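>>> no sequence for this one, just the structure:
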């Protein structure tokens with residue numbers, strides 16, 4: 001049985017189509033074209049780097065952003081394809097080595113025909129996916145374009161913002177569903193129709209119905225039997241301070257007539273309000289009756305795009321240092337899973353590389369702390385003891 005399952009997995013990988021793949025193991029970035037639309041001083045440069053805490057520099061080298069407070073607008077093209085009637089998988093790894101505080105690290109998939117030299121944020125795209133972090137906003141962006149309009153997923157997907165490598169995977173399926181994985185772990189999955197406001201809603205409020213004029217939706221009312229005590233309004237909010245005395249050096253002719261200061265009246269109870277009781281006429285919240293929306297039209301192809309031809313990085317970063325790597329566009333979920341496990345340094349689990357980096361950083365931090373402690377001047381008392 002195990003052999004049979006392995007055979008099926010092997011056949012699945014053989015039949016998979018890889019539309020684009022770049023692990024940046026080459027010695028240049030010639031396949032990536034920088035847009036020249038923005039002024040040169042606003043454009044960020046990129047280079048090849050494996051970053052810190054490396055286990056295999058050749059395998060872990062990726063595209064790294066190099067300049068702070070810059071726009072990074074780069075793209076690479078591939079032969080045109082459509083994902084009609086098949087799955088589409090976009091996967092890549094990200095390492096925010098700079099402890100990112102504000103900036104994007106998402107990718108865009110564009111239809112064929114992207115003008116790479118004139119590439120901007122207004123260039124048409126099919127999908128936008130990946131980390132977006134700025135201050136308290138930390139999410140995995142996921143946008144689908146439909147009929148020329150971009151639709152953001154209704155509920156934010158969490159993201160990772162530490163300094164370690166994480167793999168982001170988006171899967172669009174022919175049954176109009178999707179999955180978002182981070183390090184192979186599912187973070188969101190569901191129906192495209194339910195999770196995006198692309199289609200008109202199936203149901204709408206009946207325009208011929210409205211809340212009845214006599215509908216009581218006030219849950220509580222003032223107790224009609226509760227009466228304001230006599231003299232309540234006669235109690236002043238402030239009174240003359242009974243402990244205040246006229247200063248001995250007060251001169252009425254020079255200083256005017258002395259008036260004692262006022263203080264808050266401890267007997268004052270504020271504005272009287274009747275007790276609240278449950279409303280015996282309460283009917284509960286009125287629910288607007290709904291009807292089938294005549295404008296609703298199902299669409300079995302929300303997942304599908306007729307043309308893909310380019311992948312783009314179109315982001316702004318306050319602090320540079322993000323490393324993009326292992327970019328993969330395929331129609332095989334199995335191929336993407338195999339690629340995640342094959343990343344340099346990944347041994348027993350899909351997140352082993354993060355574990356290796358984390359342990360290396362902890363060792364580095366510990367060594368730095370020990371060095372700083374050893375170089376710190378001795379306190380005066382300790383120095384005196386040493387002299388003795």
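Ah, there it is. Note that the structure is a prediction, hence the values are computed from the model and not measured.
>>> how near is the residue lying closest to residue 320 once chain neighbours are set aside to residue 164?
Sequence neighbours aside, residue 65 is the residue nearest to residue 320 in space, at 4.2 Å (criterion: C-beta to C-beta, 6 or more residues apart in numbering). Any C-beta I mention is one placed from the backbone N, CA and C, and that applies to glycine too. Here residue 65 is placed at a distance of 17 Å from residue 164 (C-beta to C-beta, to the nearest Å).
>>> Same drill for the two, tell me which one is more crowded.
Per other C-beta atoms under 10 Å, whichever of residue 65 and residue 164 has more neighbours is residue 65, with 28 against 21.
>>> for that one, what are its contacts?
Neighbour list for residue 65: 44, 46, 72, 317, 320, 321, 322 [criterion: C-beta atoms under 8 Å, 6 or more residues apart in numbering].
>>> Which residue is the nearest non-sequential neighbour of the second one?
Nearest-residue entry for residue 46: residue 63, 5.3 Å, with adjacent residues in sequence omitted and distances by C-beta to C-beta, 6+ apart.
>>> hey, which helix is longest across the chain?
Among the segments of the chain that qualify as a helix by DSSP state H, the longest is helix 352-375.
>>> what packs against that one?
Judged by 3 or more C-beta pairs under 8 Å, 6 or more residues apart in numbering; DSSP states H and E, the packing partners of helix 352-375 are strand 165-172.
>>> In strands, which of the contacts of residue 65 appear?
Judged by DSSP state E, the contacts of residue 65 include 46, 72, 317, 322 as members of strands.
>>> Out of the residues you listed, which end up buried?
Burial by neighbour count, judged by 16 or more other C-beta atoms under 10 Å, picks out 46, 72, 317, 322 from the ones in strands among the contacts of residue 65.
>>> Who does the third one form a beta bridge with?
Meaning residue 317. residue 70, residue 103 (DSSP bridges).
>>> Check the burial of residue 85 by counting its neighbours.
10.
>>> Over to residue 137?
Neighbours of residue 137 using other C-beta under 10 Å come to 10.
>>> Equivalent analysis for residue 158, please.
Neighbour tally, residue 158, other C-beta under 10 Å: 13.
>>> Validate this expectation: it resides in a strand.
No: applying DSSP: H, G, I helix; E, B strand; the rest coil, one finds residue 158 to be coil, outside a strand.
>>> out of everything not next to it in sequence, what's closest to it?
residue 187 (6.1 Å).
>>> How about residue 49?
residue 64 (4.1 Å).
>>> Surely that neighbour and residue 48 touch.
Yes: Residue 64 is within contact range of residue 48, at 7.0 Å (criterion: C-beta atoms under 8 Å).
>>> ok, those two, which is more surrounded?
Higher neighbour count among residue 64 and residue 48: residue 64, with 22 against 15, using other C-beta under 10 Å.
>>> and that one, what does it touch?
46, 47, 48, 49, 51, 97, 320, 321, 322, 323, 324.
>>> Which members of these are classed as buried?
Judged by 16+ other C-beta under 10 Å, buried ones among these: 46, 49, 51, 97, 320, 321, 322, 323, 324.
>>> quick one: the strands in the stretch 201-350 of the chain?
Ranges of strands in the stretch 201-350 of the chain, per DSSP state E, counting those that start in this stretch, are 203-205, 220-222, 238-240, 262-264, 276-278, 290-292, 308-317, 322-330.
>>> Kindly spell out which helices and strands sit in contact with the longest one.
Using 3+ C-beta pairs under 8 Å, 6+ apart as the contact test, the elements touching strand 308-317 are strand 70-81, strand 102-104, strand 107-110, strand 322-330.
>>> Deepest-packed of those strands, please.
strand 107-110 (a mean of 25; mean count of other C-beta atoms under 10 Å).
>>> which strands and helices sit next to it?
By 3+ C-beta pairs under 8 Å, 6+ apart, strand 107-110 packs against strand 88-96, strand 127-134, strand 308-317, strand 322-330.
>>> between these, which gets nearest to residue 172?
Nearest of the helices and strands packed on strand 107-110 to residue 172, taken as C-beta to C-beta: strand 88-96 at 4.5 Å.
>>> Just name whatever secondary elements that closest one is in contact with.
Counting by 3+ C-beta pairs under 8 Å, 6+ apart, the packing neighbours recorded for strand 88-96 are strand 107-110, strand 127-134, strand 165-172, strand 322-330, helix 333-342.
>>> pretty sure residue 141 is touching residue 129, no?
Yes: between residue 141 and residue 129 there is a contact under C-beta under 8 Å: 6.4 Å.
>>> what's the overlap in contacts for the two?
Joint contacts of residue 141 and residue 129 (C-beta under 8 Å, 6+ apart) are residue 106.
>>> Next up, the contacts around the residue of the chain positioned farthest from its centre.
Distance from the C-alpha centroid of the chain, by C-alpha atoms, centre = their mean, peaks at residue 253 (72.0 Å). Contacts for residue 253 were tallied using C-beta under 8 Å, 6+ apart; there are none.
>>> and the strands of the stretch 201-350 of the chain as CSV, adding mean pLDDT?
Below are the strands of the stretch 201-350 of the chain laid out as CSV (pLDDT from 0 to 100):
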stretch, mean pLDDT
strand 203-205, 97
strand 220-222, 95
strand 238-240, 91
strand 262-264, 92
strand 276-278, 95
strand 290-292, 97
strand 308-317, 98
strand 322-330, 97
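>>> Put together TSV for the ones you listed, with distance to residue 92 on each row.
Converted to TSV, the strands of the stretch 201-350 of the chain look like this (distance: least, C-beta to C-beta, whole Å):
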stretch	distance to residue 92
strand 203-205	39
strand 220-222	56
strand 238-240	69
strand 262-264	65
strand 276-278	58
strand 290-292	42
strand 308-317	9
strand 322-330	4
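>>> List just the one of the ones you listed that sits closest to residue 79.
For the strands of the stretch 201-350 of the chain, proximity to residue 79 was assessed by C-beta to C-beta; strand 308-317 is nearest, at 7.5 Å.
>>> That concludes my questions; thank you for your assistance.
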